[in-house]
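Novice: Predicted coordinates and the sequence they were generated for:
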Amino acid sequence: MPPALELRPVDNTNWQAVTRLRVTKEQEDYVASNTWSLLQAAHEPWLKPLAIYVAGSPIGFILWGRKPSDGRLWLMRFMVDAHAQGLGYGGDALDEMIHRARAEGADALYLSYVPGNAVAERLYSHRGFVPTGEIVPGEPAELEHEPDEVVLCLRLAPGTAS
């Protein structure tokens with residue numbers, strides 16, 4: 001049985017380890033770095049950063065929260081370190097976030113991804129996320145041009161098990 005996964009807040013004890021996590025080279029154009037995400041969270045208080053831990057070590061990162069402009073619960077960033085990919089941790093962490101969204105009473109969980117990121121598309125579609133028809137325009141961040149993203153939504157029944 002694989003070690004249990006847990007989600008911990010990113011704080012002064014683990015932020016440096018979280019910034020050292022990296023996706024694969026092929027995925028670098030699809031997700032902002034954890035350093036950038038933590039900087040964004042420091043300036044946008046609605047964003048909550050979480051570290052994904054397995055066996056006492058951080059192996060991934062999540063940035064989520066309820067966006068004030070639309071009231072929606074968003075999974076803004078989601079990554080698993082290259083060395084921990086392919087072991088089921090991404091699916092387990094996403095399942096935990098779906099559970100947390102339901103526990104918060106959310107009727108839906110939103111996220112977006114860059115078209116071409118087949119790994120993310122497969123993970124999200126297998127969990128029931130479907131395109132909304134919305135596009136999030138790319139915004140200046142670390143990359144010179146951030147690509148537009150497709151918005152996906154998972155409808156939730158509050159209080160149900162994931």
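Specialist: Structure's in. What do you need? Numbers count the residues shown, from 1 in each chain.
Novice: Okay, buried residues for stretch 61-81 please.
Specialist: Buried residues in stretch 61-81, defined by neighbour count with 16 or more other Cβ atoms under 10 Å: 61-65, 72-81. Any C-beta I mention is one placed from the backbone N, CA and C, and that applies to glycine too.
Novice: which residues of this structure fall in strands?
Specialist: 5-9, 48-54, 57-66, 73-80, 108-113, 130-136, 149-155 (DSSP state E).
Novice: how about TSV for those, with mean pLDDT and distance to Ala120 added?
Specialist: Shown next, in TSV, are the strands of the chain (pLDDT from 0 to 100; distance: least, Cβ to Cβ, whole Å):
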stretch	mean pLDDT	distance to Ala120
strand 5-9	96	18
strand 48-54	98	15
strand 57-66	98	13
strand 73-80	96	8
strand 108-113	96	4
strand 130-136	93	13
strand 149-155	95	9
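Novice: To Gly90, which of those strands lies closest?
Specialist: strand 73-80 (4.6 Å; Cβ to Cβ).
Novice: what pairs with that closest one, and is each one parallel or antiparallel?
Specialist: strand 57-66 (antiparallel), strand 108-113 (parallel) (DSSP bridges).
Novice: Give the buried residues for the last one.
Specialist: Buried residues in strand 108-113, defined by neighbour count with 16+ other Cβ under 10 Å: Leu109, Tyr110, Leu111, Ser112, Tyr113.
Novice: Setting the sequence-adjacent residues aside, check what's closest to Gly116.
Specialist: Tyr30 (7.3 Å; Cβ to Cβ, 6 or more residues apart in numbering).
Novice: Look at Pro45 and report its pLDDT.
Specialist: pLDDT, Pro45: 95.
Novice: go on, Val31?
Specialist: 87.
Novice: Now for it, how many residues are close by?
Specialist: Neighbours of Val31 under the rule other Cβ atoms under 10 Å: 18.
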